[in-house]
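> A structural model of the following input is requested.
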Amino acid sequence: MFGYLEHLAVNIGPRGATSRAERNAAQYVAEELEKTADQVVVQPFRSLSSTAGVYLIHYVVMILVALFASRYPLPAAILATVNMIGYLRQISAREFFGQLLPRDKSQNVIAVKRRSGETSLPRVVLVAHYDTARPNLLFHPSLVGAYRTLFNLTNLAMAAVLLLAMAQALAASPGMTLPALFNALPLLFALYLAAMSLPLLQSLFGGEVAGANDNASGVAVMLNVFETVVHNMPEGGELWAVATGCAHAGGAGMHGFLEEYGDQIRNSYIINIDSLAAGTLNYITGEGLLQTLPADRELMLAAAAFARKNPDVSLSGNVYKDTLGDGTVAIIKGYKAISIMGLDERGNVPNRQWPSDTMEHVSQDNMVAGRKLVQSLIRQLWRQE
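Numbers count the residues shown, from 1 in each chain. Sure, this is the predicted structure:
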C-alpha cells in the first residue's frame, strides 16, 4: 500500500489536472488494477486544468458591475443576475462559464471484478482521485481555519453587489435618485472580491503540489482494498475501482464517469476515499460548498458500526464543506455515496493545496485504519459481518 503512495507522490510527483504527469499516474494505476480486475477501461474526457479561472471570471464580472452600476444600472443588473446564476451553479458542481473555456485531455481508470452466483449482492464502487492541486494562499496552514468564513463573506459580497445593482436599476426606471451611499457601497464589496481574486491568480500560475495526502493516499488505499477484497469475493459480489482525473477541476472526472456509467451503477454504493493520511480519520456525514448534502444513511450506519466495534481506531463522523469532491458530485446527482477523509481538529484537511503535502506529513497508521474501515463497509454491505 505504501509503495503505491510513494510511486505516485515521489516517482511521478505533482499530477496536475490534464498534465502529462496525470496521464502517467493513470497508466500506473491501470497497470496495477489489471493484475486483479476482470476488466480495466481508461475512459477519456476533456476538462479544464483548473476552476480558478472560472471563479476569477465570476469575481471580475461582479467587480465591473460594482464599478459601472451607477452609470449603466439596467445592463449592470442584468449582467449581475446572469453572473450570480452561473456562480451558484459553479459552487453546486454545475458548469456555466467553464463551458466556454479551453479544455485538454484527461482520463478516468475504471476496473471491475465480478463473481457470479445465484444471489446478487449490492455493487460497491470505490473512488479516489489521483490528480493534485495547485497552491492556494487561502489554504496556507495559518489561514485555512478561516477559509469557510472567507468563502461565506465572498458569497455575501457577490449577493450584495447583485442586490445593490438591482436597486439602482429599479430606482433608475422611474427617475428616482438614490443616496450617494448606494454608489459607494458596491465598491467596498468589489474591493473584497479583488482581494479574493489574488489566491485564484496564484492557483492559475503556481506549480502543483506533490499531493501525498491529497490524494495519493486515497488511491493507495483504494488499490490495496481492491486487491485484497477481490481475492475473497463472495458469490454474487461486484466491486469497481474508479480512479478519477481532474477532481481539482470541478470534479470533472466524476462528472464524466457518471455521465457514461451512471445508469449501470445507479443503485450501487459509492465509497469516495480522499486525503485520509493526515489528521483524524472521518466518515463525512454531509458535504457541499453551499448546501450541506447528507451522505447515504446505510453507509453512515455501517461506518458508525465499525467505530463501535473498533474502539482502538480514532474515527468520527463530521461535515466537510471546504471543497467540492467526488463524493459531493455523486451525492448531488442522487447516488448513494460517502466520503472517507482525514481532518484536523478544526475540520480541515491537513496540508491540502499547499507545498507541505509531502510524504513526510502522511500517517501510515491512518492509511491502515482507512483500509480497515473501507473493507468493513464492503463486508457489511455484502452481509459478511
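> mind listing the helices for the stretch 51-200 of the chain?
52-68, 73-90, 147-172, 181-205 (DSSP state H, counting those that start in this stretch).
> Would you state the helices of the stretch 201-350 of the chain in chain order?
Going by DSSP H, counting those that start in this stretch, the stretch 201-350 of the chain shows helices at 218-230, 252-261, 297-309, 326-332.
> Turn those helices into TSV, including distance to His7, mean neighbour count and mean pLDDT.
(Each C-beta comes from the backbone N, C-alpha and C, glycine too.) Listed next are the helices of the stretch 201-350 of the chain as TSV, based on distance: least, Cβ to Cβ, whole Å; neighbours: other Cβ atoms under 10 Å; pLDDT from 0 to 100:
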stretch	distance to His7	mean neighbour count	mean pLDDT
helix 218-230	9	25	96
helix 252-261	20	23	96
helix 297-309	29	16	97
helix 326-332	21	27	96
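> nearest to Asn318, of those?
Judged by Cβ to Cβ, the one of the helices of the stretch 201-350 of the chain that comes nearest to Asn318 is helix 297-309, at 11.3 Å.
> which outside residues touch the closest one?
269, 271, 283, 285, 313, 315-317, 336-338, 340, 372-373, 376-377, 380-381 (Cβ atoms under 8 Å, 6 or more residues apart in numbering).
> which of those are buried?
Neighbour-count burial (16 or more other Cβ atoms under 10 Å) applied to these gives 269, 271, 283, 285, 313, 315, 336-338, 340, 372-373, 376-377, 380-381.
> who's in contact with the residue most central in space within the chain?
Closest residue to the average C-alpha location of the chain: Gly325 at 1.7 Å, with Cα atoms, centre = their mean. Under the criterion of Cβ under 8 Å, 6+ apart, the neighbours of Gly325 are 129, 247, 251, 272, 274, 287, 339.
> Those in strands, which ones?
129, 272, 287, 339 (DSSP state E).
> Where is pLDDT lowest across the residues you listed?
In terms of pLDDT, the weakest of the ones in strands among the contacts of Gly325 is Glu287, which scores 95.
> What is the nearest of the buried ones among the contacts of helix 297-309 to Pro186?
Scanning the buried ones among the contacts of helix 297-309 for proximity to Pro186, where the rule is Cβ to Cβ, the winner is Thr285, at 38.0 Å.
> so who does the closest one touch?
Counted by Cβ under 8 Å, 6+ apart, Thr285 has contacts 294-295, 300, 317-319.
> gap between the residue nearest to it when sequence neighbours are not counted and Ala307?
Distances taken as Cβ to Cβ, 6 or more residues apart in numbering place Gly317 nearest to Thr285, at 4.7 Å, with adjacent residues excluded. Computed as Cβ to Cβ, to the nearest Å, the Gly317 to Ala307 distance reads 8 Å.
> shaky segments in the protein?
By pLDDT under 70, the weakly predicted segments of the chain are 175-178.
> Domains in it, by residue range?
2-48+103-135+208-381, 53-97+142-205 (automatic domain parsing).
> Figure out how far the shortest one is from the centre of its chain.
When distances are taken as Cα atoms, centre = their mean, to the nearest Å, domain 53-97+142-205 is centred 24 Å away from the chain's centroid.
> returning to that earlier point: just send the contacts of Thr285 back as CSV, with distance to Ala169 too.
Below are the contacts of Thr285 laid out as CSV (distance: Cβ to Cβ, whole Å):
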residue, distance to Ala169
Pro294, 39
Ala295, 42
Met300, 46
Gly317, 46
Asn318, 43
Val319, 38
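> Which two among the residues you listed are spaced furthest apart?
Applying Cβ to Cβ across the contacts of Thr285, the maximum distance is between Pro294 and Asn318, 12.6 Å.
> ok, the buried ones among the contacts of helix 297-309 vs Ala210, which is closest?
Nearest to Ala210, judged by Cβ to Cβ, of the buried ones among the contacts of helix 297-309 is Ile340 at 21.1 Å.
> Could you pull up the contacting residues of the closest one?
Neighbouring residues of Ile340 by Cβ under 8 Å, 6+ apart: 271-274, 276, 281-284, 303, 370, 373-374.
> Now that we have those, can you turn them into TSV and tack on distance to Ser142?
Converted to TSV, these look like this (distance: Cβ to Cβ, whole Å):
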residue	distance to Ser142
Ile271	33
Asn272	28
Ile273	28
Asp274	23
Leu276	23
Leu281	24
Asn282	22
Tyr283	28
Ile284	25
Ala303	32
Gly370	27
Leu373	31
Val374	32
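> What is the nearest of these to Ala9?
Leu276 (14.0 Å).
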